[in-house]
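>>> here's a sequence, model it:
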Amino acid sequence: MTGGPVTGRAEAMTTADHQVPDPAAGGTADATDATERREADARRTPEKGRELLPVAAPARTRAAVRELLRPHRGLALGGFTVMVAATAVGLLTQPLLGQIVDLVADRHPAGALTLPAALLVLVALTQGGATALGLSLISRLGETALAELRERFIERALRLPLEQVEKAGSGDLTARVTGDVSQVSEAMRTALPELARSLLAIVLTLGALALLDWRFLLAALLAVPVQAHTARWYVRNAVPLYARQRIAAGAQQQQLLDTIGGAATVRAFRLEAGHTERVTRRSRAAVELTMRGVGLVLRFYSRLHLAEYTGLAAVLVVGFLLVRGGSASIGTATAAALYFHSLFGPVNSALVLLDDAQSAGASLSRLVGVADQPAQEKPERPSEEPREPAAPRGGAVTVTGLGHAYEPGRPVLHDVDLTLRPGEHVALVGASGAGKTTLAKLIAGIHRPTTGSVRLAVAERPGIGRSVALVTQEVHVFAGALADDLRLARPEATDDDLCEALGRVNALTWAEALPDGLRTIVGEGGHRLTAAQAQQLALARLVLADLPIAVLDEATAEAGSTGALTLEKATKRAIEGRTALVVAHRLTQAATADRVVVMDGGRIVESGGHDELRAAGGQYAALWGAWSDIRATARHHPPRTTNPPPDENTEDP
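Coordinates of the predicted model:
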């Protein structure tokens, strides 16, 4: 239902018709009104209403890995071949050492040791160079596949319906983007090359033992049952444990985000103790699972040591018997013991890497689960874009019998009927918690209604596959050049188009005054924009998007009182020629709207013009009276400030 972001963190585009005759109920109650949302965050139990993002099944995860590696078969074959050669060359070390033992045991002159010693040096140099090359090829293979997976994950994550993300909680997505990606990245960089090297060493070393004497191989294989049992035991216990650890980490992050995001409400309602207890409980759960993992690894190591001692003792006993019977020399027995001893590292590495593999596998399943989500179709662009954007044509919006509940049995909206005529500007007002934001998001297509429908009727426009733009109070400035930030709304826009959009929202003056103009780096680590400037930037993106219907959810609330008049003028110019639904934070916006709709308790209770509703003496008249009294008090008793921050927009609202 939603497309790419246009004007900020919580902004989206929707398709032309998002009627939902039979949507799924349930979800999270954190998106009603600004205050309603914070209160819900502060009070709700985190476990309720969460529907975590999908996790791929093991078979699907393995298939995804094969799909990622298939285009790079040549690189994989080259790396494997080089690693086989490096390992095979390294296996010459033990026979050479055995030959030296035989030469010494037979009392050969010291000069006889020169050749095997020189060969040992040559083997070391050759093995080192070939191993470095092979590991680099395998690492390149892993990094390339991981980069493709990351790109697919980010692409799908950015196109997930916001309703699905909200139901899962931002902590789940954050944990996947950070912890899971890091876990898989580390495994690709270290575990994959080392595992490949270890498995090759094990196979070739066992083959070398068989070449010395098949009885040495049988003795070495006595360790295999213990190792195999250990591996099965570890995998059986580690897979669910690491999956629970990933979920616990996401739940911990979600609780931290909920508590920090609703800090003001938490303090206002004296809920600090309850939220501290929730954070502590979730943190303790994550720590307990981590410690269980540590205990599991310690028991894993102890069993591996038992296997090593069993195998080495068997090889030494067989060597003693063969030397005593004259079937093998001391050097051969020494080479066999060294071969088995050299297996300690590869076998332990391969089995220990199961720890990283299980953890990375759990993380990979979570990434593939998101990456496999169907991508929303992008609207086709015309072959030739017009140089000047077409004048926006407003569309009609018809809301019929609309109801919505974030949690079953707790409806937020009740049987709402509303019609927006083409080009009409409607202000949506009401007390906090009335359901204004929920209605706005349903019309924008962010949520799916529980009952009823939302229908849009817009004229066909070539190359435009979306109809609604949503601008919220949570405006985000993306890191990068100001021009690139603006082009998120229309990538093909020229600099003239950008300047025109900025000028329309009264932002061109300050934009041109930036150190590098439109090329100035803004956002994280760049030039810091004021709250008013950030909101003007969001409105400029709305102008560039050039869609027929605009929904503004308190889009000027975060700027405070300074610059409010400028922002309201910018908003009015940005929605010219469009059908607009404005969730009004300031009733001055309602006064200039074509129609005012008043909500209370999830229902529409009044609808009409500003003067008409004031004269009616109903809820809108009461809201306007309270608003006017507050403004009058603020004008006569302004707050005292010392060295207020500079702001070029200082008109009093």
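
>>> SS state for A580?
Assigned state for A580: strand (three-state reduction, DSSP: H, G, I helix; E, B strand; the rest coil).

>>> partner residues bridging it?
H425, A550 (DSSP bridges).

>>> so who does it touch?
Taking C-beta atoms under 8 Å, 6 or more residues apart in numbering, we find A580 in contact with E424, H425, V426, I549, A550, V551, L552. (Glycine included, C-beta is placed from N, CA and C.)

>>> now do 7 Å
H425, A550, L552 (C-beta atoms under 7 Å, 6 or more residues apart in numbering).

>>> which of the helices or strands spans the last one?
Using DSSP states H and E, the element containing L552 is strand 549-553.

>>> now the element after that strand, going C-ward?
helix 564-574.

>>> in that next one, what's buried?
A564, L565, T566, L567, E568, A570, T571, K572, A574 (16 or more other C-beta atoms under 10 Å).

>>> in TSV: the contacts of A580, plus pLDDT and neighbour count.
Formatted as TSV, the contacts of A580 follow (pLDDT from 0 to 100; neighbours: other C-beta atoms under 10 Å):
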residue	pLDDT	neighbour count
H425	93	21
A550	92	28
L552	91	29
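
>>> how about the helices in the stretch 501-650 of the chain?
Under the criterion DSSP state H, counting those that start in this stretch, helices of the stretch 501-650 of the chain are mapped to 508-512, 531-545, 564-574, 587-591, 610-616, 619-636.

>>> can you tell me the element the closest residue to R215 other than its chain neighbours falls in?
Of all residues not flanking R215 in the chain, V318 sits nearest, at 5.3 Å (C-beta to C-beta, 6 or more residues apart in numbering). Using DSSP H and E, the element containing V318 is helix 272-324.

>>> what packs against that helix?
helix 214-220, helix 224-261, helix 330-371 (3 or more C-beta pairs under 7 Å, 6 or more residues apart in numbering; DSSP states H and E).

>>> can you tell me how far the most centrally placed residue in the chain is from R159?
By C-alpha atoms, centre = their mean, the chain has its centre lying nearest to V177, at 3.4 Å. In this view, V177 and R159 are 14 Å apart by C-beta to C-beta, to the nearest Å.

>>> cool, and G142?
For G142 relative to R159 (C-beta to C-beta), the value is 26 Å.

>>> also V287?
Counting by C-beta to C-beta, the separation of V287 from R159 is 35 Å.

>>> just name the most buried of the helices and strands packed on helix 272-324.
helix 330-371 (a mean of 21; mean count of other C-beta atoms under 10 Å).

>>> circling back: got the angle between the helix holding V318 and helix 330-371?
Comparing the axes of helix 272-324 and helix 330-371 via axes from the mean of the first three to the mean of the last three C-alpha atoms, to 10 degrees yields an angle of 150 degrees.

>>> you'd agree T205 is up against L92?
No. T205 lies out of contact with L92 (C-beta atoms under 7 Å); the separation is 11.9 Å.

>>> now R490: which helix or strand?
Under DSSP H and E, no helix or strand contains R490.

>>> mind listing what the residue nearest to R215 touches?
V318 sits next to R215, F216, A219 when contact means C-beta under 7 Å, 6+ apart.

>>> sketch out the low-pLDDT regions of the stretch 401-550 of the chain for me.
Residue ranges of the stretch 401-550 of the chain with pLDDT under 70: 459-466.

>>> for R267, grab the count of nearby residues.
The local packing of R267 (other C-beta atoms under 10 Å) involves 12 other residues.

>>> who does the one helix or strand it maps to touch, helix- and strand-wise?
Counting by DSSP H and E, the element that carries R267 is helix 263-268. Where contact means 3+ C-beta pairs under 7 Å, 6+ apart, helix 263-268 is packed against helix 34-43.

>>> isn't S349 up against S198?
Yes. Look at S349 against S198 with C-beta under 7 Å: they come within range, at 4.3 Å.

>>> circling back to that earlier point, so which other helices or strands are in contact with the strand holding L552?
helix 436-444, strand 468-472, strand 579-583.

>>> send the alpha carbons of that strand over as PDB?
Coordinates of each C-alpha in strand 549-553 appear next as PDB, following Å, rounded to 0.1, in the frame of the first residue of the first chain:
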ATOM      1  CA  ILE A 549      -4.000  14.500  -2.600                       C
ATOM      2  CA  ALA A 550      -2.000  15.600   0.500                       C
ATOM      3  CA  VAL A 551      -2.500  14.600   4.100                       C
ATOM      4  CA  LEU A 552      -0.700  16.700   6.700                       C
ATOM      5  CA  ASP A 553      -0.600  15.400  10.200                       C
END
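
>>> between it and helix 436-444, how big is the angle?
160 degrees.

>>> give me the distance from strand 549-553 to the chain's centre.
Its chain's average C-alpha position is 26 Å from that of strand 549-553, according to C-alpha atoms, centre = their mean, to the nearest Å.

>>> got the contact list for S607?
Taking C-beta under 7 Å, 6+ apart, we find S607 in contact with R595, V597.

>>> how does it look with 10 Å?
D417, L418, T419, V426, R595, V596, V597, V598, M599, L613, Y620 (C-beta atoms under 10 Å, 6 or more residues apart in numbering).

>>> element containing the third one?
Applying DSSP H and E as the criterion places T419 in strand 410-420.

>>> that strand to strand 579-583, inter-axis angle?
Per the same axes, to 10 degrees, the angle that strand 410-420 makes with strand 579-583 is 140 degrees.

>>> strand partners (parallel or antiparallel) of strand 410-420?
strand 396-407 (antiparallel).

>>> CA atoms only: put the partner strand into CSV for me.
Below are the C-alpha coordinates for strand 396-407, written out as CSV (Å, rounded to 0.1, in the frame of the first residue of the first chain):
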residue,chain,number,x,y,z
ALA,A,396,-11.8,13.0,-4.4
VAL,A,397,-11.6,11.0,-1.2
THR,A,398,-14.6,9.0,0.1
VAL,A,399,-14.5,7.4,3.5
THR,A,400,-17.4,5.0,4.3
GLY,A,401,-18.3,3.3,7.5
LEU,A,402,-14.6,3.4,8.6
GLY,A,403,-13.6,1.7,11.8
HIS,A,404,-10.2,0.8,13.2
ALA,A,405,-8.8,-0.9,16.2
TYR,A,406,-5.1,-1.4,17.0
GLU,A,407,-6.0,-4.1,19.4
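
>>> chain center to that strand: distance?
For strand 396-407, the distance to the chain centre is 30 Å (C-alpha atoms, centre = their mean).

>>> pull out the buried positions in that strand.
A396, V397, V399, T400, L402, G403, H404, A405, Y406, E407.

>>> what of stretch 580-596?
So for stretch 580-596, counting by 16+ other C-beta under 10 Å, buried means 580-591, 593, 595-596.

>>> what is the end-to-end distance of stretch 182-199?
24 Å (C-alpha to C-alpha, to the nearest Å).

>>> buried set for that stretch?
Using 16+ other C-beta under 10 Å as the test for burial, stretch 182-199 gives 183-185, 187-188, 191-199.

>>> which members of those are positioned in helices?
Residues of the buried residues of stretch 182-199 located in helices (DSSP state H): Q183, V184, S185, L192, P193, E194, L195, A196, R197, S198, L199.

>>> what is the lowest-pLDDT residue among those residues?
Ranked by pLDDT, these bottom out at L192, which has 70.

>>> wait, that one sits on T144?
No. The pair L192 and T144 fails to qualify as a contact (C-beta atoms under 10 Å) at a distance of 11.8 Å.

>>> follow-up on the earlier one: could you dump the ones in helices among the buried residues of stretch 182-199 to TSV with distance to R66?
Shown next, in TSV, are these (distance: C-beta to C-beta, whole Å):
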residue	distance to R66
Q183	20
V184	16
S185	19
L192	14
P193	19
E194	21
L195	17
A196	16
R197	21
S198	21
L199	18
